[in-house]
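1. turn this into a structure:
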Amino acid sequence: MIIWRSLLLIYDSIDVQLRNRSGRRESFTHLLTDLEVRDGIRSFQQFPSLVEELTFRRASVRYEIRPIERCLVTLTPMSDGMYWPSPGDTREEIGRLVVPGSYQSIFVLWPSHNLKDRVSVPSAGWGLGMAATAWSNSATYATVGNAESWIWQIPVIGEVWLHEWLHGVCAYFAGQGYLMPEGDADGGARHGYTQSRISGWTDYYRDLMTGNVLEAGVLKGIPLDAWGARPPFLC
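-> Next up is the predicted model:
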């Protein structure tokens, strides 16, 4: 079984200056409630069991959780006036806590929504994930914003963390020469899968994580034998 050592950074406060689509500067400040933090953590804690289940216990996630006392004070612009907390914005913590090779994955829970006032940071989605690069100290990097309690429950608890993690994981295995289906973690619908009210996209993720996604007559994804005993990214 391969062990993916992971670190969850929890930013419970944010105070940033953003530019809206008209170019005018706007401020966004928010402090997560204890419930919002607990919801995110509870969801994250279900993510490792999904990894084990969907890889038939060929892969496992071991994690640490670090609450961050520092307020998140910058976000990185994306296209169309959107923002996200990139490794540049969490550099202080990555530099202090993540020696290259110490973790295979970094996760970030951040205050993207003021649920009371119905104000949010414009972003590309609930979560974002990327491959391991020097920017993230050789670890895959994924961010997930806060949400209302019921949203974390639907349809599978922990699925959002799995989805964003898979973007980085698929990039790693693609670099090892394995063929990934178009869209990797986003490719379910385009390969004929549907989102179940009960199991979400996990039927697709199972095939993706076992090398059984059929694309143009070829099975693609991460074969079970690719989940070896050696941790990734370590020389």
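2. gap between residue 95 and residue 159?
-> Going from residue 95 to residue 159 by CB to CB, to the nearest Å gives 30 Å. (Glycine included, C-beta is placed from N, CA and C.)
3. list the buried ones in the helix ranked longest in the chain?
-> In the chain, taking DSSP state H as the definition, the longest helix is helix 34-54. Neighbour counts over helix 34-54 (16 or more other CB atoms under 10 Å) mark 36-37, 39-40, 43-44, 47-48, 50-51, 54 as buried.
4. remind me which residues of this structure are low pLDDT?
-> 229-231, 233-235 (pLDDT under 70).
5. between residue 95 and residue 159, which is the more surrounded one?
-> Neighbour tally, residue 95 and residue 159, criterion other CB atoms under 10 Å: the higher count belongs to residue 159, 21 against 11.
6. count the neighbours of residue 212 for me.
-> Residues contacting residue 212 under the criterion other CB under 10 Å number 16.
7. give me the phi and psi angles of residue 16.
-> Torsion angles at residue 16 (phi, psi; degrees, to the nearest 10) stand at phi -130, psi 160.
8. residue 212 contacts residue 221, doesn't it?
-> Yes. Under the criterion of CB atoms under 8 Å, residue 212 makes contact with residue 221 at 6.2 Å.
9. now do stretch 137-148: distance to the chain's middle.
-> Its chain's C-alpha centre and that of stretch 137-148 lie 4 Å apart, by CA atoms, centre = their mean, to the nearest Å.
10. end-to-end on that stretch?
-> End-to-end span of stretch 137-148 (CA to CA, to the nearest Å): 31 Å.
11. quick one: residue 219 from residue 179, how far?
-> Distance of residue 219 to residue 179, given as CB to CB: 8 Å.
12. correction: the previous question concerned residue 203.
-> Taking CB to CB, one finds residue 203 at 20 Å from residue 179.
13. and what of residue 124?
-> Separation of residue 124 from residue 179 (CB to CB) stands at 26 Å.
14. please, where are all the helices along the chain?
-> Using DSSP H, the helices of the chain run over 34-54, 91-97, 149-153, 159-175, 202-208.
15. what's the closest non-adjacent residue to residue 95?
-> Residue nearest to residue 95 in three dimensions, not counting chain neighbours: residue 137, with 7.5 Å by CB to CB, 6 or more residues apart in numbering.
16. I'd say the one you found and residue 97 touch.
-> No. Here residue 137 does not reach residue 97: they are 9.1 Å apart, not a contact under CB under 8 Å.
17. compare these two (neighbour count), which wins?
-> For residue 137 and residue 97, the more surrounded residue by other CB under 10 Å is residue 137, and the numbers stand at 21 against 17.
18. ramachandran angles for the more buried one?
-> Dihedral angles for residue 137 - degrees, to the nearest 10 - are phi 50, psi 40.
19. contacting residues for it?
-> Taking CB atoms under 8 Å, 6 or more residues apart in numbering, we find residue 137 in contact with 87, 94-95, 98-100, 103, 106.
20. dump those residues into CSV; add distance to residue 143 as well.
-> Below are those laid out as CSV (distance: CB to CB, whole Å):
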residue, distance to residue 143
87, 10
94, 12
95, 17
98, 15
99, 21
100, 20
103, 15
106, 9
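21. only whichever of those residues are buried, select them in PyMOL.
-> If you want just the buried ones from the contacts of residue 137 in PyMOL, going by 16+ other CB under 10 Å, the selection is:
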select buried, resi 87+94+98+103+106
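22. identify the farthest-apart pair in the contacts of residue 137.
-> The largest separation in these, counting by CB to CB, is between 87 and 99 at 14.6 Å.
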